[in-house]
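Q: Next one to model:
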Amino acid sequence: MEEDKEAVKSEEKSVYNDPKTGQFVKDNPGKPVGTKHYSTLMDEAMEEVAKLNGMTLAQYKIRIYQKGLGEALKGDYSFYRDYLDRTHGKPETPIDITTKGESIFRPSEKEQEKIDKALGNII
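A: Numbers count the residues shown, from 1 in each chain. As a prediction, this is how the structure comes out:
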């Protein structure tokens, strides 16, 4: 069993566990093997520009951040927001399109008493 796990680890990154069968399957239908994440591509591009300007990647990133923060302080958040969204993901935004903020679940008086009693035992 351990040998099977080691063999799977040593194979391509496209090996995954099929949730229906539980078997390992090659050729993951998701991202192709070797596809680079946006932040990796951004780092590579920044590194090239940094080299052209005689800077290290870290120095160049600091300059970029300073520029973005400077613009944000002036009221232009577009670069700062876009960069953070792309490198760290957009924050979750809850959307309520059906209940207008009202609770969907409204327990009866008896149910509410049971809930209160249960919570009272926990708290």
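
Q: which residues of this protein fall in strands?
A: 16-17, 24-25 (DSSP state E).

Q: ok, the nearest residue to residue 69 once chain neighbours are set aside - contacts?
A: Spatial nearest neighbour of residue 69, chain neighbours left out: residue 80 (6.7 Å); criterion: C-beta to C-beta, 6 or more residues apart in numbering. Any C-beta I mention is one placed from the backbone N, CA and C, and that applies to glycine too. By C-beta atoms under 8 Å, 6 or more residues apart in numbering, the contact set of residue 80 is 68, 69, 71, 72.

Q: and residue 112, how far is that from residue 34?
A: As judged by C-beta to C-beta, to the nearest Å, residue 112 and residue 34 stand 56 Å apart.

Q: the more surrounded of those two?
A: residue 112 (11 against 8; other C-beta atoms under 10 Å).

Q: Restricted to helices, list the contacts of residue 80.
A: 68, 69, 71, 72 (DSSP state H).

Q: Check the residues you listed for burial and list the buried ones.
A: residue 68 (16 or more other C-beta atoms under 10 Å).

Q: got JSON lines for the ones in helices among the contacts of residue 80, with distance to residue 104 and pLDDT too?
A: Listed next are these as JSON lines, based on distance: C-beta to C-beta, whole Å; pLDDT from 0 to 100:
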{"residue": "68", "distance to residue 104": "41", "pLDDT": "86"}
{"residue": "69", "distance to residue 104": "42", "pLDDT": "87"}
{"residue": "71", "distance to residue 104": "42", "pLDDT": "88"}
{"residue": "72", "distance to residue 104": "39", "pLDDT": "86"}
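
Q: Between which two of the ones in helices among the contacts of residue 80 is the distance greatest?
A: 69 and 71 (7.4 Å; C-beta to C-beta).

Q: Residue 35 versus the residue nearest to the spatial centre of the chain, what's the distance?
A: Among the residues of the chain, the one closest to the centroid is residue 89, at 5.0 Å (C-alpha atoms, centre = their mean). Residue 89 sits at a distance of 17 Å from residue 35 (criterion: C-beta to C-beta).
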